[in-house]
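Visitor: no sequence on this one, just coordinates:
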DNA sequence: CTTGCTGCAAAAGTTTTGCACACGT
DNA sequence: ACGTGTGCAAAACTTTTGCAGCAAG
C-alpha cells in the first residue's frame, strides 16, 4: 500500500496549457473525471469547493470538519476518496510535514513552495523555492531520473516559541 | 500528540565537539541517557547496535525484524521508545519519505542529506545538500526562526521505471 | 438502465499507553 | 531499595475497504 506521492506530472497531460488560466478549476476537475470514466457528484463538487477556499496547508480531517460546518453532509470515506482524485488531477499536492498524517495544499498553477515549520508550535510559513527547481533538475539529471516534484521543509524554533522558552528559563531561575 | 520532528539541535549541547571523533557512539548514548536520568539497558544497547549497522534509511518495523533476526528479544514497544531517545540524542534523524510511516537514518556526525525517491519503485538515492544549509540559514533569518534542521526530497521516475514504462507502451501498441 | 458513488461500519497499519513485573544504578 | 524499563495487550489514530442501497450519465 505504499502510496504514490502527489504525481503532479499527471496534471500536464490533463489540461492543455492554454486553458490553465481561463478555465475554472471546477470545469477542469469535471473534465478530468470524465476522461477517467468517473462521475461528477455533489459530494465531489462540495469537496472541491471547500478545498478551493484553503489558502494554507490542510489535512483530511480538518477538511471534513470544515465541510460539515459548511452544511455539507459527506462521509470521511468520501473525503479521502476525493482527495485521491484531486491529487491525480494535479489540483492539490501532498506536503510532507510529519510522518503521521498527510498534509495537502492547493497546487493548481502554483509553483511548489518550501515550508518553514516551528518544531514547538507547528506554525507553518511558506516561502518561494526558485533555486530548488534548478537543483531538482540537476540532481535528477545526475541520476538519470525524470523529475516529478520536490519538497523542501525547514524546521526551526519560531520567535514566539523562543520567547516562551526564555520565560521558562526565567521561571526555573526563581 | 504531534511529534517533534528530529530535533538535531539537541545533539549539539549533548557532546563536546572534541569527543565526536574519538568517542564510540555507544558511550555517547550512555552519557546522554545518564544526563537525562535514564538507564542504559540491554535492549537499548542492542537497538543502538543494530541501528549503527544501517547504511540507509530504515523504518521502525524493519528495525524490529532485524533485531529479532539477530537473536535479540525485544518488543515493538521498546523499539519505538528507544527510537525516540536516539532521535533526542541526535544519533538518528527522521527522514520524511511518505506520510504513512516514519523513516529514519543514522545521522551521527553526518551532514543532512537530500533524498531522491522514485515514485514507481520507491528506490532512494541520497545526495549531498551543501547549498541547502545556506538556504536554511537565510530562510530562518528572514522569519526570525532559530534553525534546527531541514529535509529536501526530490520525486522522480528512476531509469528502471522509465524502461518499464516504455515496455508497457510497446505492449499496448501491439 | 448501467456503472460508478456514497455511507456505514469494520478492517488495516502504524504508533502509543496502562499495567504488572523485572532490572539497572 | 528506588525509580525506570520492559513486554504484553489494548487503545488511539489515520486511512482503506466491503457491501447494500443510491444516483449520475
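Guide: Thanks, I have the structure now. Since the model is a prediction, treat every value here as computed from it, not as a measurement.

Visitor: tell me where chain A has helices.
Guide: For chain A, the helices defined by DSSP state H cover A:11-14, A:25-35, A:42-52, A:60-69, A:76-88, A:130-143, A:159-173.

Visitor: helices or strands next to the second one in the packing?
Guide: Packed against helix A:25-35, as judged by 3 or more CB pairs under 8 Å, 6 or more residues apart in numbering or on different chains; DSSP states H and E, are the following elements: helix A:11-14, helix A:42-52, helix A:76-88. Yep, even glycine has a C-beta here, placed from its N, CA and C like the rest.

Visitor: out of those helices, nearest to residue B:83?
Guide: helix A:76-88 (28.0 Å; CB to CB).

Visitor: before we move on, back to that, and the helices of chain A, which one's lowest on average pLDDT?
Guide: Lowest mean pLDDT within these: helix A:11-14, at a mean of 40.

Visitor: quick one: neighbours of residue A:42, just the number.
Guide: Residue A:42 has 10 neighbours, counted by other CB atoms under 10 Å in any protein chain shown.

Visitor: tell me who's in contact with the closest residue to residue A:47 other than its chain neighbours.
Guide: Spatial nearest neighbour of residue A:47, chain neighbours left out: residue A:82 (4.4 Å); criterion: CB to CB, 6 or more residues apart in numbering or on different chains. By CB atoms under 8 Å, 6 or more residues apart in numbering or on different chains, the residues touching residue A:82 are A:43-44, A:47-48.

Visitor: also residue A:76?
Guide: A:60-61, A:64.

Visitor: likewise for residue A:136?
Guide: A:147, A:149-150, B:154.

Visitor: direction included, what does the lengthiest strand in chain A pair against?
Guide: Taking DSSP state E as the criterion, chain A has its longest strand at strand A:146-157. Applying DSSP bridges, strand A:146-157 is found paired with strand A:113-118 (parallel), strand B:146-157 (antiparallel).

Visitor: wait, which of those strands is closest to residue B:108?
Guide: The minimum distance between residue B:108 and these falls on strand B:146-157, with 13.7 Å, by CB to CB.

Visitor: what's the domain layout of chain A?
Guide: A:1-110, A:111-173 (the TED database).

Visitor: close to DNA strand C, is the shortest one?
Guide: To tie it back to what came earlier, the one meant is domain A:111-173. No. Between domain A:111-173 and DNA strand C, judged by CB under 7 Å from any atom of the strand, nothing touches; the nearest distance is 14.6 Å.

Visitor: which parts of chain A sit against DNA strand D?
Guide: Counting by CB under 7 Å from any atom of the strand, chain A sits next to DNA strand D at A:1, A:3, A:39-42, A:59-61, A:76-77, A:80-81, A:84, A:100-102.

Visitor: sorry, back to before: how much space between the residue nearest to residue A:47 and DNA strand C?
Guide: According to CB to the nearest atom of the strand, to the nearest Å, residue A:82 and DNA strand C sit 6 Å apart.
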